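**Student:** My questions are about this predicted structure, shown below with the sequence.
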Amino acid sequence: MEAALPTFGHVVQATASPVALIRTPPEASPAPILPRVAAGEEAAFAECIARYKRLVYSVVRRAYTSVPDIDDACQDIFVALWRSAGSFDPERSSEATFVVMVARRRLVDHQRAVATRALPTVQDDARVSSAAMESYVDARAAMAALSSCNQAQQSVVTLAALRGFTHEEIATELSMPLGTVKSHYSRGIERVKRALLGRDGDS
Amino acid sequence: MNYDDDELAEAALLLAHTDEAAKLPRALEQKLQLLGKKHAAEARYTTTKAAAVVVESPVVPLARPRSRLGSWAGWIAAAACFAVLVYQWRIRALEDEARLHGAGRPTRMILTDRAGQEAAVVVAEPSAAFAHLELDTLPGDVPGTRYRLWTSSGAEPPATIGDFTCDGGCTGHTFSISRTAENVWITRVGPDKAPGFPGDAGIVASGHRP
């Protein structure tokens, strides 16, 4: 039984035009840093912080508002990122997506561990980030795929992705049968996965 | 770390909703820099340690003791082989010497009387055609006593060589007999005795070559 409802943001619908964004040519991909971190290259640690500190900080701020919580979570995520750097596979995702995945998992785990604490109130920035859509091919592909889903599928997948809701929690939140939630999630996330696997480039 | 494509897809959607416009507080940035330096140092230590193990271990700690031990073992093995060879050569030389000395050494056969006392000795010199029997003290050695000498080889029946008397005492008398004689008997010959080989009661002394 799930004990907590991790929250990364408010559920909103994609507002950007995925078709227009997909047409944006991919930017030049910087060389990945995580393989160098995994190899123990000293300079790679500082470069990793420089490249992803704002991304990690932004993800954390969606879950926490207090400065100590944000500081602790950011440090914890970077340590987890360095320890799992060897697991990064550039064939499966961009490095930024991998970083967000590590951050998201750490936040979900932490919030479920401290389930008795009141969930933080996040700022209303859950709308699609135009900067992210310009910078990351994965983000564009994922949102384009999600936009092609029906309304129910979008709601279910968004609750799972942005808030870390379990299927049971989504069913409760949307007053929807559990089986229907699972079906919507399966079809929606499948479209996103296919879009990511077919991505043309990375940044 | 294990992860599936569902998790990556959810992360990509979260990435699309993440605005990186906010700047980090200076304090957090400093904490992250310190954290990075600490982990970089740990990584350097781990890497250096691993490299040291890989590079140095075959050269420094292992090679020297092994070569010293191998050198000693080699010398010990060589010395042992040399000692065995010398021993075998010496044994062979001693055997040859013994064989040579045995061939040139005179063989002796002692004849004893019924009481086990030495009565005569047969000496066969290697270069001589005959063996010599030399009498010592025969039982009942009184003037006028007549004795008969018998010899045989292998399973042959005793054959008499001749009779003799010791009027002045038998000690020091010598006779020539066959070198191949393996059994020698001396019997007393009475005037009433038949010339055949007597039973044990008539034997004065006897000797047998083993």
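**Tutor:** Nice, thanks for sending it over. Residues are numbered from 1 along each chain as shown, chains lettered A, B, ... in the order given.
**Student:** From now on I want contacts and neighbour counts done on CA atoms only, so please keep to that.
**Tutor:** Noted.
**Student:** quick one: low-confidence parts of chain B?
**Tutor:** Scanning chain B for pLDDT under 70 picks out the ranges B:44-70, B:98-105, B:191-195, B:200-201.
**Student:** do chain A as well
**Tutor:** Applying pLDDT under 70 to chain A flags the ranges A:1-29, A:114-126, A:199-203.
**Student:** Flag every residue of chain B that's near chain A.
**Tutor:** B:1-2, B:5-24, B:28, B:31-33, B:35-37, B:39-41, B:43-44, B:47 (Cα under 8 Å from any Cα of the partner chain).
**Student:** let's go with 7 Å and repeat that
**Tutor:** Contacts of chain B with chain A, taken as Cα under 7 Å from any Cα of the partner chain, map to B:1, B:5-20, B:22-24, B:28, B:32-33, B:36, B:40, B:43-44, B:47.
**Student:** Now list the buried members of the residues you listed.
**Tutor:** B:5, B:7-20, B:24, B:28, B:32-33, B:36, B:40, B:43-44 (16 or more other Cα atoms under 10 Å in any protein chain shown).
**Student:** Return the subset of those lying in strands.
**Tutor:** With strands defined by DSSP state E, no entry of those lies inside them.
**Student:** what number of residues lie near residue 177?
**Tutor:** This is for chain A. Using other Cα atoms under 10 Å in any protein chain shown, residue A:177 has 14 neighbouring residues.
**Student:** Actually, chain B is the one I wanted.
**Tutor:** As a burial measure, residue B:177 scores 20 neighbours (other Cα under 10 Å).
**Student:** before we move on, what SS does it have?
**Tutor:** Secondary structure, DSSP: H, G, I helix; E, B strand; the rest coil: residue B:177 is strand.
**Student:** which phi and psi does the closest residue in space to it that isn't next to it in sequence have?
**Tutor:** Sequence neighbours aside, residue B:131 is the residue nearest to residue B:177 in space, at 5.3 Å (criterion: Cα to Cα, 6 or more residues apart in numbering or on different chains). For residue B:131, the backbone dihedrals (degrees, to the nearest 10) come out as phi -90, psi 160.
**Student:** Contacts only, for residue B:131.
**Tutor:** Shown in contact with residue B:131 (Cα atoms under 7 Å, 6 or more residues apart in numbering or on different chains): B:122, B:123, B:124, B:125, B:176, B:177, B:178, B:179.
**Student:** what about the residue nearest to residue B:165 when sequence neighbours are not counted, neighbour count?
**Tutor:** If the residues on either side of it in the chain are set aside, residue B:165 comes closest to residue B:146, at 4.6 Å by Cα to Cα, 6+ apart. Counted with other Cα under 10 Å, residues neighbouring residue B:146 total 17.
**Student:** Show me what residue B:146 is bridged to.
**Tutor:** Residue B:146 has these beta-bridge partners by DSSP bridges: residue B:165, residue B:189.
**Student:** State whether residue B:84 is indeed within a helix.
**Tutor:** Yes: per three-state DSSP, residue B:84 lies within a helix segment.
**Student:** Tell me how many other residues crowd it.
**Tutor:** Here the number of neighbours of residue B:84 (other Cα under 10 Å) works out to 12.
**Student:** How about the contacts made by residue 154?
**Tutor:** The chain I'm using is chain A. Contact partners of residue A:154, counting by Cα under 7 Å, 6+ apart, are A:146, A:188.
**Student:** Sorry, I should have been clearer: chain B.
**Tutor:** Per Cα under 7 Å, 6+ apart, neighbours of residue B:154: residue B:182.
**Student:** if we can go back for a sec, return the residues in contact with the residue nearest to residue B:165.
**Tutor:** By Cα under 7 Å, 6+ apart, the residues touching residue B:146 are B:163, B:164, B:165, B:188, B:189, B:190.
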